[in-house]
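Q: Whatever this is, show me its structure:
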Amino acid sequence: MVDLLTSEQLDQYLQEDPGGPVAMLNLLRFKPDGGRERYFEYVEAIHDIGERVGLRRLFAGLGGTALVAEPGQEWDAVAIVEYPSRQAFVDMVRSPEYRASAHLRTEALVEATLQPTQPL
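A: Alright, predicted model coming up:
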């Protein structure tokens, strides 16, 4: 989903909260002709609100040719971002500051997966 998350999705996300930090897997496919650059504008725009909620970038990298994948399953970039809690993530995406910049993400991406993970 490339668009903003709905209140229902965020409420469900909080209801499923196992507690503790959450590592968010981001799989990104950029729009041609400037999508990658636009995405990095988004990253810069949300930097301050991310810091305030405790966001930590654990890994970010550009995708290469997939070794095992069906056609069309390759991603342009992958990131793993940790938040101290699910509530911290929700506070960020519900903030007016984030919402003012979220259009940059939407404008940058053809497709994305945003999946919460927790340590085993």
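
Q: For the most centrally placed residue in the chain, which residues are in contact?
A: Central residue of the chain (C-alpha atoms, centre = their mean): Asn26, 4.9 Å from the mean position. With contacts defined as C-beta atoms under 8 Å, 6 or more residues apart in numbering, the neighbours of Asn26 are 77-81, 112-114. In short, each C-beta sits where N, CA and C put it, glycine included.

Q: That one: helix or strand, and which one exactly?
A: In the assignment (DSSP states H and E), Asn26 maps to strand 22-30.

Q: Pairing partners for that strand, with directions?
A: According to DSSP bridges, strand 22-30 forms sheet pairs with strand 77-83 (antiparallel), strand 109-117 (antiparallel).

Q: one step back: so the residue nearest to the centre of the chain bridges to which residues?
A: Ala79, Leu114.

Q: What residues sit buried inside whichever strand or helix holds Gln12?
A: Assessed by DSSP H and E, Gln12 sits inside helix 7-15. For helix 7-15, burial by neighbour count (16 or more other C-beta atoms under 10 Å) applies to 10, 13.

Q: Run through who's touching it.
A: 5, 86-87, 89-90, 93-94, 116.

Q: Filter those down to the ones in strands?
A: Pro116 (DSSP state E).

Q: for Gly63, what are its contacts?
A: 74-78.

Q: So Asp76 sits against Pro32, correct?
A: No - in this structure, Asp76 is not within contact of Pro32 by C-beta atoms under 8 Å, at 10.2 Å.

Q: what's the farthest-apart pair in the contacts of helix 7-15?
A: Arg94 and Pro116 (16.0 Å; C-beta to C-beta).

Q: that older thread, identify, from the contacts of Asn26, the entry nearest to Val22.
A: Val81 (9.2 Å).

Q: what about that closest one, neighbour count?
A: Val81 sits with 18 neighbouring residues when counted by other C-beta atoms under 10 Å.

Q: need the contact list for it.
A: Val81 sits in contact with 23-24, 26, 55-58, where contact means C-beta under 8 Å, 6+ apart.

Q: Pick out the most distant pair among the residues you listed.
A: Asn26 and Arg56, at 13.4 Å, using C-beta to C-beta across these.
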